[in-house]
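Visitor: Have a look at this prediction, sequence included:
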Amino acid sequence: MRKAILLFSLLLLSSCVSLPQYPGGQRINLAGYSFVPPADKQWSMLMMSTYQTVLAAKGNNPKETFVIAAQIIQISTFTDKDEFLKYVQKGRAAEPQTGRFELIRNSEILDSGRMETCVKHIAVSKDYGAKRGGLYTIFETYGMNCIHPNNPKIDVFIELSRKAPMESQSDELDKIGQELLDSVKFSEFH
């Protein structure tokens with residue numbers, strides 16, 4: 001489902017639709033949490049609802065795009081951090097295996113840098129459905145799932161993704177992805 005949201009987002013970004021612009025570097029406040037999109041990009045708000053937000057931006061290369069997807073998900077309570085890690089791993093592995101994506105590398109680890117229970121995930125895949133001038137496109141993701149500290153039945157998901165031509169290499173995603181995750185703050189639900 002997450003990939004479908006991202007693909008839809010990229011389609012909207014590349015179309016002629018005029019979307020609300022949101023300058024990076026300014027905090028976005030949502031139900032129970034907030035984050036700051038990377039400051040060096042102009043973000044288009046593709047969707048904003050009570051439980052889900054999607055922003056998109058063009059990269060330095062005309063065939064490069066970035067998407068931030070954030071949502072809250074109802075979950076069961078977990079007895080420990082390792083159980084939550086297994087839940088996230090199982091959910092990420094359960095995405096449809098259509099043959100469009102070929103995983104290059106993936107890591108899912110408990111994030112020891114946060115006080116909350118969070119699982120950070122970083123992945124790189126080949127996307128054979130979005131060619132952008134080559135045999136495939138590089139699809140990178142940098143994100144996390146966190147148990148909300150004020151409501152253990154809420155999973156907060158946030159992810160930055162990048163699509164670019166296969167010959168395009170960038171270390172930018174790790175830097176701005178970590179900045180995005182570090183910017184996440186949790187608050188009470190109102």
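Guide: Thanks, I have the structure now.
Visitor: what's Q178 sitting at in phi/psi?
Guide: Backbone torsions for Q178, taken as degrees, to the nearest 10, come to phi -70, psi -40.
Visitor: With adjacent residues omitted, what lies nearest to it?
Guide: The spatial neighbour of Q178 that comes closest, neighbours along the chain excluded (C-beta to C-beta, 6 or more residues apart in numbering), is Y142 at 7.2 Å. C-betas here are computed from N, CA, C, even on glycine.
Visitor: Run through the bridge partners of that neighbour.
Guide: Y142 has these beta-bridge partners by DSSP bridges: I122, L160.
Visitor: tell me the contacts of the residue nearest to S76 when sequence neighbours are not counted?
Guide: Closest residue in space to S76, ignoring its immediate chain neighbours: K153 at 7.1 Å, by C-beta to C-beta, 6+ apart. Counting by C-beta atoms under 8 Å, 6 or more residues apart in numbering, K153 touches Q74, I75, S76, T77.
Visitor: For the second one, which residues are in contact?
Guide: Right, the one you point to is I75. Y87, I147, K153, I154, D155.
Visitor: Now for these, which sits with the most neighbours around it?
Guide: Taking other C-beta atoms under 10 Å as the neighbour criterion, D155 ranks highest of those with 24 neighbours.
Visitor: Would you check the distance separating the one helix or strand that residue maps to from the middle of the chain?
Guide: Using DSSP states H and E, the element containing D155 is strand 154-165. Remark: strand 154-165 is offset 1 Å from the chain centroid, using C-alpha atoms, centre = their mean, to the nearest Å.
Visitor: count of neighbours near the closest residue to M166 other than its chain neighbours?
Guide: Once flanking residues are discounted, M166 sits nearest to G134: 4.1 Å by C-beta to C-beta, 6+ apart. Using other C-beta under 10 Å, G134 is surrounded by 13 other residues.
Visitor: downstream neighbour of the worst-scoring helix or strand of the chain on mean pLDDT in the secondary structure list?
Guide: Sorting the helices and strands of the chain by mean pLDDT, DSSP states H and E puts helix 2-14 at the bottom, at a mean of 46. On the C-terminal side of helix 2-14, the closest following helix or strand by DSSP H and E is strand 21-23.
Visitor: so what strands line up beside that following strand?
Guide: Here, using DSSP bridges, strand 21-23 pairs with strand 42-48 (antiparallel).
Visitor: Let me know the average pLDDT across the strand it pairs with.
Guide: What strand 42-48 shows for mean pLDDT is 93.
Visitor: Whichever helix or strand comes after it to strand 154-165, inter-axis angle?
Guide: Past strand 42-48, heading to the C-terminal end, the next element that is a helix or strand (DSSP H and E) is strand 52-58. Interaxial angle of strand 52-58 relative to strand 154-165 (axes from the mean of the first three to the mean of the last three C-alpha atoms, to 10 degrees): 20 degrees.
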